[in-house]
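next one to model:
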Amino acid sequence: MVRLQDLELGKAKDKNVEAMIRELRDKIPPQILGHYDRLRIRGKKGITAVRNQTCTGCHMRLPLAVVMTLMHGTDIQLCDTCGRYLYLPNEPESQAAKKK
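Got it, this is the predicted structure:
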């Protein structure tokens, strides 16, 4: 979903953007895609990263159980405050800060 959001927001510079978007959307279950689309229609990002146990979309602290579920990869999670889908970025916070 992160890749889909990047393509839809125009962050990716690929030739076949529309084809890639269609392919990614076909892989996502309709219920999840419907919720994601409702957020996007309202001008919000549909998926956001979790950093330091905080949703980067609304900057509210998340329960530890939500973060642990994301770490285990057993289920998808929504932010209780803003309703966005949550994900853990691949690189640790310290490495992301060094790149800037």
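
residue ranges with poor pLDDT in the chain?
Low-confidence segments of the chain (pLDDT under 70): 12-14, 91-100.

and the strands in it?
Secondary structure of the chain (DSSP state E): strands at 47-51, 54-55, 85-87.

what residues does the shortest one touch?
Read it as strand 54-55. 48, 60-62, 79, 81-82, 84, 86 (C-beta atoms under 8 Å, 6 or more residues apart in numbering). Using the backbone N, CA and C atoms, a C-beta is placed for each residue, glycine as well.

same list (the strands of the chain) but as CSV, adding distance to residue 27 and mean neighbour count.
As requested, the strands of the chain are exported to CSV (distance: least, C-beta to C-beta, whole Å; neighbours: other C-beta atoms under 10 Å):
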stretch, distance to residue 27, mean neighbour count
strand 47-51, 14, 18
strand 54-55, 24, 18
strand 85-87, 15, 19
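
figure out which of these is closest to residue 68.
Residue 68 lies closest to strand 47-51 among those, at 11.1 Å (C-beta to C-beta).
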